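[1] Just need the structure, nothing else, for what follows:
(chains A, B and C)
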Amino acid sequence: MSGEDQLDHELEEPKQPHGGDYAPSVAERLGIAQRAGGVIVPVITTIVAFLIGGIVIAATNLPHGKEPWYHPISSTWKAYKGIFNGTGLNWLFPWVSGSDRVNAAFNLQQTLILTTTLIFTGLAVSFAFRCGLFNIGGNGQYIVGATLSIWVGASFTNLNPFLHVVFAIAVAGLGGAAWAAIAGWLKATRGVHEVISTIMLNWIAVWTASYLFSQGGPLQNSTNTAVPVSNDIAPGAHLPVFWGNPVLSGLHVGFFIALAMPVLFWVILNRTTLGYEVRATGFNVDAARYGGINVNKSYVLAMAISGTFAGLAGSMDILGWQFRFGQIDVSVVNIGFIGIAVALLGRNSAIGIPIGALLFAGLVQGTSTRNPAIQQVFDPSLAGNLSGIIQGLVLLFVGADVLILYIWNARRKLRAAGPRPAKPAAEGAA
Amino acid sequence: MSTFASSFDAARRVALPRRIGIAGILSALLGLWLALPPLEGRTIALPVVFGLLGMALGIWAWTRGEHKVGGGAVIAGVFAIALGLVATNTSTSNLSGVVDWGVLISTMFIFATPLTYAALGGMFAERSGVVNIGLEGMMLMGAFFGILGADKLHSWPLGMLVGIASGGVLAFVYAIFAIHLRADQIVGGTAVNFLALGITGYFYIKIYGANGTPGTGIPTIPDVNIPGLKHIPPGNFWDNAFGHLNLTVWLMIALLFISYIVMFKTSIGLRIRAVGEHPRAADTVGLSVYRIRYASVTVSGMLAALGGVGVSAFTTSFSENITAGRGFIGLAALIFGNWRPLGAFAASALFGFSFALARRLQDIYPNSAEVLLLEALPYVLTLIAVAGVIGRSIPPASVGRPYKKQ
Amino acid sequence: MSEPPVLELRGIIKQFPGVLANDHIDLDVRRGEVHALLGENGAGKSTLMNVLSGLYSPDEGEILLNGKLQSFASAKDAIRAGIGMVHQHFMLIPVMTVAENIVLAEEPTYAGVLLDFGKARRRVRELSDTFALAVDPDARIQDITVAQQQRVEILKALYRNAQILILDEPTSVLTPQEARELFTIIHGLTAKGTSIIFISHKLHEVLEVADRISVLRRGRKVETVPREGATEESLARAMVGREVLLRVEKQTAHPGEVLLDVKELHVRDDRDLEKVAGVSLQVRAGEIVGLAGVDGNGQSELIDALTGLRSVRSGAIQLEGKSMAGASARDMLDAGMGHIPEDRQRRGLVMDFSIAENIALHDYVHEPASKRGWLYPNRLIERARGLIKDFDIRGGGPRTHAGALSGGNQQKVVVAREVSRDPRLLIAAQPTRGLDVGAIEYVHRRLVAERDKGRGILLVSFELDEVLSLSDRILVIFEGAIVGEFPPDTSEEALGIAMTGGGRKEAAVA
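    Numbers count the residues shown, from 1 in each chain, chains lettered A, B, ... in the order given. Presented below is the predicted three-dimensional model:
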């Protein structure tokens, strides 16, 4: 009986969209993918993306003149090695010593600072995802948070340092929340697709912040009026640094705050009625509505929480190591976009996101212009774009759940085919 | 007896509230126009009177169910009064510096043209049922490879072709993921944008290095000079507005009409729309949903890339992320324009005009920080537009849904 | 009858993962006959027809048309060969016109490019004159009635010169009167030599219209019999494989106080059209009120309004004497409203939630499931475990995803949730749609049992059989208004007349 029912379900004509189609939402598809792919697919995705990135390097380093035939391979290898050393992860190898070790420590601090921020923006994207919303406005929310941190950090200088930091962080979170909630509200009341609205809000944030920090702008540096940069925040508003140089971007305690965030994320989603509502809305809006859930409220709140994470990311960077914000900083913000890749690679899970954040932080730091290690082997601005390509490839492959299901099924077939006991190697091969 | 053709919207009758609403918009615009050069009525009375009249007519239309146009008239009225106030309080010389209609219109075309290409591209994809968030990336490809092609092949037509092809290739890759692999189209489109940013940035640095594209020596797409316009009054208006537009602008206008005919007057268009509305119905009569979608998405990428070619053609150079969100604005223009070519152009023109105005104001007031805020104006307008103060648009029914063949 | 069959299927096998949908099916269709294909949901009818219309390719077996072997790679091949299919859910594009829908993919053009609208209209008119199928070529599909849409579908097939027309459950969206008109059309077509394959699970209409009847059961063909000599009982036995109860056993109702009192309700749909136009009705404790009507006459909007999912334009809703003006879905649920929704996959369940989470869908905000915003998942699981036992839900435990269950068990989850909340009033919309016979019997027995516990039940169904066998009173809805009340022993015919507006003629084709 149940077999027939299943069949009936399978064969049921897809309902026509005008009759209210049952189209899987983003979150629902991710649910499918999550069950199908587990850990293995993000890993495969990453490997494939890096391999293609390597092919790009190799293809653009074809030997000409007196370079040996293996030049493409060796230059690719060198580039990857440079990227790896740039992340500072070689600090973990005990045989790295002397000045290499000092550099490695510095690099690792940078990687972890970026990991901190990316955990926040990754969670921001994920939280919205779980409600079926695609928040690509992380950049704008980050800018709002950072700008507000600057304002609080550079004003209110009489405050007790602890309160000052808490105040600056809280205002940044609220600002990000409000900025993102606009998109949630537009979605709820006007049916505006959040992708369009968050992109527009990004640009509005960019230009507003550019104005604030421009020459003659309200938040521009009060002593040096020639540069379009803000005032420095008060020393009391700095987040304490626990590893490395406190003024030259050592690792600040925001790192621990970031590590606590996935727990908070998980608790909100799985242990509160709000989380239940958000997930129900994300999986199936119609059923959520039918269940008595105020879906519009879910949208606004999910965006607000999502924006809070992104806004907090801004405060972490400002209070942790940047201490000032300028027009140029505003124009190059892309942390919200990287958060998308982090979230998708981390499968929107509390465990996956920190791992994804570390990976992309390593990738960005390893290819960054601030990384001296790579400059010897590879033009850093070239490397930065390479990391963009790799991010794009990760997104492209992670988004293709059919591909994931295909791989997954192939793996199962592989297992089922042979009477041999399932061996882990087969997983790697699939 | 109604004719078959009358089933097409063009011939749809315009109801009274709608006409009144349109009259309201026109009244508001008239009020504003009276305050601006060349007439420059130096009194606030005119914009206020006509603005209020426009708002009144708008409210009348709104209450009779014509929300879209009525709301538009109300907003136009508010804008007319506000801008009228600004205009009458500005010195005449500054005012005529900013509001030189001829220059404003030609600048508007410079900004609106890429948007329109993107919107037209988006129309082909979305009418066939595929959301193309990746328009931005496809534009970027066109912008870079257009310049690269023109530089290396020493020919601007070849450059255009290379640019168009690059967008088409990226769109085709996207189509594989969106159609065959049934990837989430929003995620896939975002991925395409990342990829394009990385690819163009990578090759830009690799080929041109830190110095950027050479400003001179690259063959550029020529302007079309129409000599006769100089002699048509008033003043230089016609000459400034239409006398020296770039070839890509005229090409855009031609494509606008071609797209309209293809989409609404040919069997190809009928099939594209059928696939976007109800793919299974199209499948059951033997149309290949996948093939039509592949073709539409690829054409979409080629059109968007042509827009990108236009972007870099106007500046004859490329810089990283030069398109700066124009693909997304094009998408918004498409939605605002109700998935129709002329509507999309009208919306693009509106956004383009606000870009042009911001640019003019910056030229006149180079040292004012506030002018930077005006850069945000097109984005705010886009947001207001899609927020449907002016009413929701109805997308093709199956847009964004991957189709699974049985 | 010595003429060879127009169509012959030999040993068709179609396998899906885990299911053998068609198992060695042989079938022959003669020229100008109506050949009915009878079977339950999931018996393999649709699969067979999808094979025939080129949407699926069979794993094994042969298709012969006029004695010639065919192989269909796509729908296009089947259409070329003269097979036309009218799907149960129409394959029409709502925003396009009748003519555009008919000519799609075979458009008349000038020079192969520009559409020739005039010629398209002429062809449609010619066809509709020849086969007496009145339609307006310029009307948009979304503006015409379902019966007219069906005619468009038939014209679409005829425009493509179909020799064999497959009608998949064609009467499911029609009133008995419209169904009768369809039968006339069918006989007109067969008189001109077209063969019809008529798919149905309704015994009486098969007996009325078919020349021969093939019965499918669990993927196999059980028999092919001529209409003469076949009876409802014999067909039902063949279809289900055992004697079936066609009526539900139940005692006389003892209606109590008024639970639901609706007065002059007006509701609009998403397109702002008035779909419920002044409905007044009452449901008492301990009775089942059946709401009969053809799909699209305002039932969905009425249910949505009653459950707080759609705003009310004017009128009053009282639940147990309490006014529910402006109530949200949450208010309605908390006031004692239960609702088995029309579409369990779209609305009734969150497929990616576990059974436990689905069972909490209404009550997650209340204790014991949650307290001050904190959710207690263990309590959800405990509760689910109890209900899984009580309602005999098979195929998984509390943590199993709803999507992994069979249709019947999914519906049991929905029923368990709604009934266990102890609602005073239960709205059951299409509660047995798409279920197999066993599950249908279960749901029917359960509804009667809940009635006997003193709940008021509003049953909304498009299946007249279901309404007739379960209801204590029957209301008929037509174009958003209640047009009559009937006792349960009313004939289908009488209900059918009421369902079309009391014999009022359907508005003439524009």
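[2] Distance-wise, check the nearest residue to C:Ile303 once chain neighbours are set aside relative to C:Asp331.
    Closest residue in space to C:Ile303, ignoring its immediate chain neighbours: C:Ala429 at 5.4 Å, by CB to CB, 6 or more residues apart in numbering or on different chains. To be clear about C-beta, it is placed using only N, CA and C from the backbone, and glycine gets the same treatment. C:Ala429 sits 20 Å away from C:Asp331, going by CB to CB, to the nearest Å.
[3] Now do the same for A:Pro63: helix, strand or coil?
    coil (DSSP: H, G, I helix; E, B strand; the rest coil).
[4] what's the neighbour count on the closest residue in space to it that isn't next to it in sequence?
    If the residues on either side of it in the chain are set aside, A:Pro63 comes closest to A:His71, at 4.1 Å by CB to CB, 6+ apart. Number of residues near A:His71 (other CB atoms under 10 Å in any protein chain shown) recorded here: 16.
[5] Helices of the stretch 101-250 of chain C, residue ranges please.
    Here the stretch 101-250 of chain C has its helices, by DSSP state H, counting those that start in this stretch, at C:117-130, C:146-159, C:176-191, C:203-209, C:232-240.
[6] returning to that earlier point: list the residues that contact the residue nearest to A:Pro63.
    By CB atoms under 8 Å, 6 or more residues apart in numbering or on different chains, the contact set of A:His71 is A:61-63.
[7] that older thread, could I get the phi/psi values of the residue nearest to C:Ile303?
    Dihedral pair for C:Ala429: phi -100, psi 120, per degrees, to the nearest 10.
[8] Next: C:Leu38.
    Main-chain torsions, C:Leu38, degrees, to the nearest 10: phi -110, psi 140.
[9] Next, count neighbours for residue 357.
    In the absence of a named chain, chain A is used. Using other CB under 10 Å, A:Ala357 is surrounded by 30 other residues.
[10] Not quite, go with chain C.
    With other CB under 10 Å as criterion, C:Glu357 counts 26.
[11] Quick check: nearest residue in space to it, chain neighbours excluded?
    Spatial nearest neighbour of C:Glu357, excluding adjacent residues (CB to CB, 6+ apart): C:Leu380 at 6.4 Å.
[12] Tell me how far the one you found lies from C:Ile355.
    Per CB to CB, C:Leu380 is found 9 Å from C:Ile355.
[13] hmm, back to that, checking the residue nearest to C:Glu357 next. Helix, strand or coil?
    The three-state assignment at C:Leu380 reads helix, by three-state DSSP.
[14] quick one: it and C:Asp363 touch, right?
    No. Counting by CB atoms under 8 Å, C:Leu380 sits too far from C:Asp363 to count as a contact (9.3 Å).
[15] Quick check, pLDDT for the spatially most central residue of chain A.
    Chain A has A:Gly339 as the residue nearest its centroid, 1.5 Å off, counting by CA atoms, centre = their mean. Looking at A:Gly339, its pLDDT is 92.
[16] contacts for the helix or strand hosting it?
    For A:Gly339, the element it lies in under DSSP states H and E is helix A:335-345. Contacts with helix A:335-345, where a contact means CB under 8 Å, 6+ apart, come from A:42, A:45-46, A:117-126, A:129, A:136-142, A:202, A:310, A:313, A:317, A:352-353, A:356-357, A:359-360, A:364, A:391, A:394-395, A:398-399, B:187, B:190, B:194.
[17] Just those residues: which are in helices?
    A:42, A:45-46, A:117-126, A:129, A:138-142, A:202, A:310, A:313, A:317, A:352-353, A:356-357, A:359-360, A:364, A:391, A:394-395, A:398-399, B:187, B:190, B:194 (DSSP state H).
[18] now the end-to-end length of stretch B:238-252.
    In stretch B:238-252, first residue to last residue: 19 Å (CA to CA, to the nearest Å).
[19] go on, stretch B:363-380?
    Its first and final residues considered, stretch B:363-380 spans 21 Å by CA to CA.
[20] From the chain's centre, how far out is it? Work that out for me.
    Remark: stretch B:363-380 is offset 21 Å from the chain centroid, using CA atoms, centre = their mean, to the nearest Å.
[21] Please apply the same query to stretch A:221-235.
    Distance of stretch A:221-235 from the chain centroid (CA atoms, centre = their mean) equals 29 Å.
[22] One more: stretch B:184-194?
    Distance, stretch centre to chain centre, for stretch B:184-194: 21 Å (CA atoms, centre = their mean).
[23] Is that stretch in proximity to chain A?
    Yes. Stretch B:184-194 reaches chain A (CB under 8 Å from any CB of the partner chain) through B:184, B:186-188, B:190-194.
[24] again, but for stretch C:81-94
    Yes. Counting by CB under 8 Å from any CB, chain A has neighbours in stretch C:81-94: C:87-89, C:94.
[25] re the thing from before, C:Leu380 and C:Ile355: who's more crowded?
    Legend: neighbour count by other CB under 10 Å for C:Leu380 and C:Ile355, higher for C:Ile355 (31 against 24).
[26] so that one makes contact with C:Thr400?
    Yes. C:Ile355 is within contact range of C:Thr400, at 5.6 Å (criterion: CB under 8 Å).
[27] Can you list the strands that the helix or strand harbouring C:Leu37 pairs with?
    If you go by DSSP H and E, C:Leu37 is part of strand C:34-38. According to DSSP bridges, strand C:34-38 forms sheet pairs with strand C:195-200 (parallel), strand C:212-217 (parallel).
[28] With distance to C:Pro368, mean pLDDT and mean neighbour count added, can I get those in TSV?
    As requested, the strands paired with strand C:34-38 are arranged in TSV below (distance: least, CB to CB, whole Å; pLDDT from 0 to 100; neighbours: other CB atoms under 10 Å in any protein chain shown):
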stretch	distance to C:Pro368	mean pLDDT	mean neighbour count
strand C:195-200	48	92	24
strand C:212-217	46	91	23
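[29] any idea how far the one residue in the stretch 301-450 of chain C that gets nearest to chain B is from C:Gln430?
    Distance from chain B to each residue of the stretch 301-450 of chain C (CB to the nearest CB) is smallest for C:Arg346, at 14.1 Å. Applying CB to CB, the value for C:Arg346 to C:Gln430 is 12 Å.
[30] so where's chain B shaky on pLDDT?
    Counting by pLDDT under 70, chain B contains low-confidence ranges at B:1-15, B:37-44, B:64-65, B:89, B:91-99, B:215, B:388-393, B:405-406.
[31] Go through the helices of the stretch 101-250 of chain C and pick out the most buried.
    Among these, helix C:146-159 has the highest mean neighbour count (mean count of other CB atoms under 10 Å in any protein chain shown), at a mean of 22.
[32] That one vs chain A: in contact?
    No. Helix C:146-159 stays clear of chain A (CB under 8 Å from any CB), getting no nearer than 11.7 Å.
[33] Between C:Leu380 and C:Asp363, which contacts overlap?
    C:Ala369.
[34] So which residues of the stretch 151-300 of chain A form helices?
    Under DSSP H, counting those that start in this stretch, the stretch 151-300 of chain A gives helices at A:161-190, A:194-213, A:254-271, A:273-283, A:285-290, A:295-317.
[35] Touching, A:Gly216 and B:Val371? I think so.
    No. Using CB under 8 Å, A:Gly216 is not in contact with B:Val371; the gap is 10.4 Å.
[36] That'll do, ta.
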